[in-house]
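Visitor: Below are the sequence and a predicted model; questions follow.
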Amino acid sequence: MVEFAFPNFVINNMKLIILDRDGVINEDSDDFIKSADEWVPIHGSLEAISLLNRAGYRVIVISNQSGLGRGLFDIQTLNSIHEKMQQCLSVLGGHIESIFFCPHTPDDNCDCRKPKAGLFHDLQHRLNVSLNDVPVVGDSLRDLEAARVVSASPILVRTGKGEATLAQGKGLDDVPVFADLAEFTHHLLANQ
């Protein structure tokens, strides 16, 4: 593991952290997460989010959800998945402040699908902040690339598609790698 010191990324008295969803917070599936029943948290991820909240972090999720555009599930189903995630977090005293998602397929060539940074720009605009040095935790190269566009700090976890991303070995220069969100969170909070 690469040791990495994180800068103080308090912005206008806000401590932000951005997470991908599938593969970072919950188990990923090549067949997509198509129902609340299929949404299963990765061991320790919800506790990690709760710890981040208690440490004063505003947790934001930015996620590609092309299952919508592919017709694999509808917006009500996506909302029920997110409701389950929030309810599970609530039991642990945690919450996700906002969830930004791209509903498009890769063929739509939209600006909001990672690795493009449209949703990151939207977040910047809504909060009127820069995302410079804000940690962005993802499991795929597209998460890391989108973070770089807005000068955020890309972090790779080995869960989800993380091992496959590592095996490709591209675009990982100076990117810290952690076993999972829990390990990253403990490292971050210990080095504040």
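Guide: Received, thanks. Numbering: from 1, shown residues only.

Visitor: List of residues touching the longest helix belonging to the chain?
Guide: The longest helix of the chain (DSSP state H) is helix 75-91. Applying Cβ atoms under 8 Å, 6 or more residues apart in numbering, the contact partners of helix 75-91 are 21, 25-26, 33-36, 39, 41, 46, 49-50, 65, 67-68, 95-96, 99, 101, 103. Where C-beta positions appear, they are placed from N, C-alpha and C, glycine not excepted.

Visitor: what do you get for stretch 148-155?
Guide: Residues contacting stretch 148-155 (Cβ under 8 Å, 6+ apart): 6-7, 9, 18, 115-117, 120-121, 124, 130-138, 143-145, 147, 175-178, 184.

Visitor: Among the contacts of helix 75-91, name the ones in helices.
Guide: Per DSSP H, the contacts of helix 75-91 map to helices at 46, 49, 50, 67, 68.

Visitor: farthest pair in those?
Guide: Across these, the longest distance by Cβ to Cβ is 28.0 Å; it joins 50 and 68.

Visitor: you'd agree residue 156 is up against residue 174?
Guide: No: applying Cβ atoms under 8 Å as the test, residue 156 and residue 174 come out as separate, 11.0 Å apart.

Visitor: and the longest strand for this protein?
Guide: Longest strand in the chain, counting residues (DSSP state E): strand 57-64.

Visitor: how far is that strand from where the chain is centred?
Guide: Averaging C-alpha positions (Cα atoms, centre = their mean, to the nearest Å) puts strand 57-64 5 Å from its chain's average.

Visitor: again, but for stretch 85-100
Guide: 13 Å.
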